[in-house]
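S.K.: no letters, just coordinates:
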Ligand SMILES: Cc1ncc(C[n+]2csc(CCOP(=O)(O)OP(=O)(O)O)c2C)c(N)n1
Ligand SMILES: [Mg+2]
């Protein structure tokens, strides 16, 4: 895809595929028959939809970064480099009935569940026509079964487990998917949610999104062992790892997890290693470059989840023009959404005397 020297992490600006990494991308699921069958079963239109979702998410983030530079907003939380961990799993759901509870890092889940980019950007601007009607900068929409992230990290898993419990009691067949940062796993409520979901066999998928860092603390400074591969064993539930920069491995792992949930076999705790290619938010990008070793950025920079997937698609005979066309449409969509959101900010600021409407606790 087109690169943006002013906004992309430097490692992405002149990105070129390393053949060995593209080859490894296509082998991620090789040792797992079930995952292989899922990937082999993907039709071209599904592959391209995954690609479109990743590109749309990256361009959404680029727009937010542009807005920060232009002074439209003061800062933004981005998922650059982590798109595969969001997009693959959402596409693996039954999006007509399942529920997602994204973190701020999973903004791409919103549009993939059917929210418009305009609504997402309006959410950032706090306009009256945003899903939260300007009451919260976190973006989600119940109408599309997307919960808004909560600021107190580690508190979403109990909510996800609660929705899964309701789904089970009502026999709705819904699966709930949520993501938890490597740092947030250490919060008490997350442990309660894992335990409760496991013992009551709830249809919920927890994905530990290990982007190697929590604010400015490296995973090996806040966690022993510094990976989450065996975490599911502590709760006696199913689990497994997928490559967090590989959208197909993410899709396959989550497809199997969702099927398991729907069979009533209880929760699945997946973990994905990926990397935060910037700061915690746009305000501390320089700090991230000090706190995290340059080798880490170099290592993960070569594994751009969009670049690798693009190469894999081309290797499968998808024409470059097809990908360029998808990218152009996503780019137009983001530009149009940004224009509409800015217009909303001009004309539709929330009225102060409505501030308490829809607020249930003070
Ligand atoms: C209960 C609570 N403690 C601390 C914070 C401050 N805080 C916000 S984000 C964050 C780090 C989150 O790291 P991680 O879970 O790894 O997610 P990431 O930002 O890397 O996606 C912290 C400590 C908070 N929001 N809530
Ligand atoms: Mg983290």
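M.R.: Great, that's in hand. Computed from a predicted structure; not experimentally measured. Residues are numbered from 1 along each chain as shown. Ligands and ions are numbered 1, 2, ... in the order given.

S.K.: quick check: residue 206 is in a strand.
M.R.: Yes: counting by DSSP: H, G, I helix; E, B strand; the rest coil, residue 206 falls inside a strand.

S.K.: what pairs with it across the strands?
M.R.: With DSSP bridges applied, residue 206 shows beta-bridge pairing to residue 178, residue 269.

S.K.: what about the strands in the stretch 251-362 of the chain?
M.R.: 268-273 (DSSP state E, counting those that start in this stretch).

S.K.: quick check: end-to-end length of stretch 290-305?
M.R.: 24 Å (Cα to Cα, to the nearest Å).

S.K.: buried sites along it?
M.R.: Buried residues in stretch 290-305, defined by neighbour count with 16 or more other Cβ atoms under 10 Å: 291-292, 296-297, 300-305. C-beta: built from backbone N, CA, C; applies to glycine.

S.K.: and the residue lying closest to residue 255 once chain neighbours are set aside, what is it in contact with?
M.R.: The shortest distance from residue 255 to any non-neighbouring residue, by Cβ to Cβ, 6 or more residues apart in numbering, is to residue 92 (4.2 Å). By Cβ atoms under 8 Å, 6 or more residues apart in numbering, the contact list for residue 92 reads 250-252, 254-255, 257-258.

S.K.: where does the stretch 251-362 of the chain have low pLDDT?
M.R.: Applying pLDDT under 70 to the stretch 251-362 of the chain flags residues 362.

S.K.: to clarify, my last question referred to the stretch 1-150 of the chain.
M.R.: Of all residues in the stretch 1-150 of the chain, none has pLDDT under 70.

S.K.: spell out which parts of the stretch 251-362 of the chain neighbour ligand 1.
M.R.: Selection of the stretch 251-362 of the chain residues close to ligand 1 by Cβ under 6 Å from any ligand atom yields 276, 280.

S.K.: what parts of this structure come near ligand 2?
M.R.: 181-182, 211, 214 (Cβ under 5 Å from the ion).

S.K.: farthest-apart pair in these, please.
M.R.: 211 and 214 (8.7 Å; Cβ to Cβ).

S.K.: which residues are in contact with both of those two?
M.R.: What both residue 211 and residue 214 touch, as defined by Cβ under 8 Å, 6+ apart, is the set 181-182.

S.K.: hmm, back to that, ok, the contacts of residue 92 vs ligand 1, which is closest?
M.R.: residue 250 (15.9 Å; Cβ to the nearest ligand atom).

S.K.: how deep is the closest one tucked in, by neighbour count?
M.R.: 30 (other Cβ atoms under 10 Å).

S.K.: surely it is in contact with residue 256?
M.R.: No: Residue 250 is beyond contact range of residue 256, at 11.4 Å (criterion: Cβ atoms under 8 Å).

S.K.: setting aside sequence neighbours, what's the nearest residue to residue 38?
M.R.: In space, residue 38 is closest to residue 252, 4.0 Å off (Cβ to Cβ, 6+ apart).

S.K.: for ligand 1, give me its nearest residue in this protein.
M.R.: residue 181 (2.1 Å).

S.K.: so that residue sits against residue 207, correct?
M.R.: No: assessed by Cβ under 8 Å, residue 181 is found out of contact with residue 207, at 10.2 Å.

S.K.: who has more neighbours, these two?
M.R.: Higher neighbour count among residue 181 and residue 207: residue 207, with 27 against 23, using other Cβ under 10 Å.

S.K.: what sits against that one?
M.R.: 85, 89, 177-180, 254, 270-272.

S.K.: now do 7 Å
M.R.: 85, 89, 179, 270, 272 (Cβ atoms under 7 Å, 6 or more residues apart in numbering).

S.K.: and the residue nearest to residue 122 when sequence neighbours are not counted, helix, strand or coil?
M.R.: Distances taken as Cβ to Cβ, 6+ apart put residue 130 closest to residue 122, at 3.9 Å, once the chain neighbours are dropped. Of the three states, residue 130 takes coil under three-state DSSP.

S.K.: distance of residue 130 from residue 76?
M.R.: 15 Å (Cβ to Cβ, to the nearest Å).

S.K.: the two: who's more crowded?
M.R.: Per other Cβ under 10 Å, whichever of residue 130 and residue 76 has more neighbours is residue 130, with 26 against 22.

S.K.: the more buried one contacts residue 123, correct?
M.R.: Yes: using Cβ atoms under 7 Å, residue 130 makes contact with residue 123 at a distance of 4.5 Å.

S.K.: what sits against the residue nearest to residue 122?
M.R.: 119, 122-123.

S.K.: likewise for residue 313?
M.R.: 47, 51, 323.

S.K.: before we move on, what about residue 145?
M.R.: 98-100, 113.

S.K.: if we can go back for a sec, which one of the contacts of residue 313 has the most neighbours?
M.R.: Counting by other Cβ under 10 Å, top hit in the contacts of residue 313: residue 51 with 24 neighbours.

S.K.: residue 165 and residue 202 touch, don't they?
M.R.: Yes: between residue 165 and residue 202 there is a contact under Cβ under 7 Å: 5.7 Å.

S.K.: neighbour count winner among those two?
M.R.: Taking neighbours as other Cβ under 10 Å, residue 165 and residue 202 compare with residue 202 leading, 25 against 17.

S.K.: residue of the stretch 101-250 of the chain nearest ligand 2, please.
M.R.: Nearest to ligand 2, among the residues of the stretch 101-250 of the chain, is residue 181, at 3.9 Å (Cβ to the ion).

S.K.: which of the contacts of residue 313 lies closest to ligand 2?
M.R.: Taking those together and measuring to ligand 2 by Cβ to the ion, the closest member is residue 51, at 25.3 Å.
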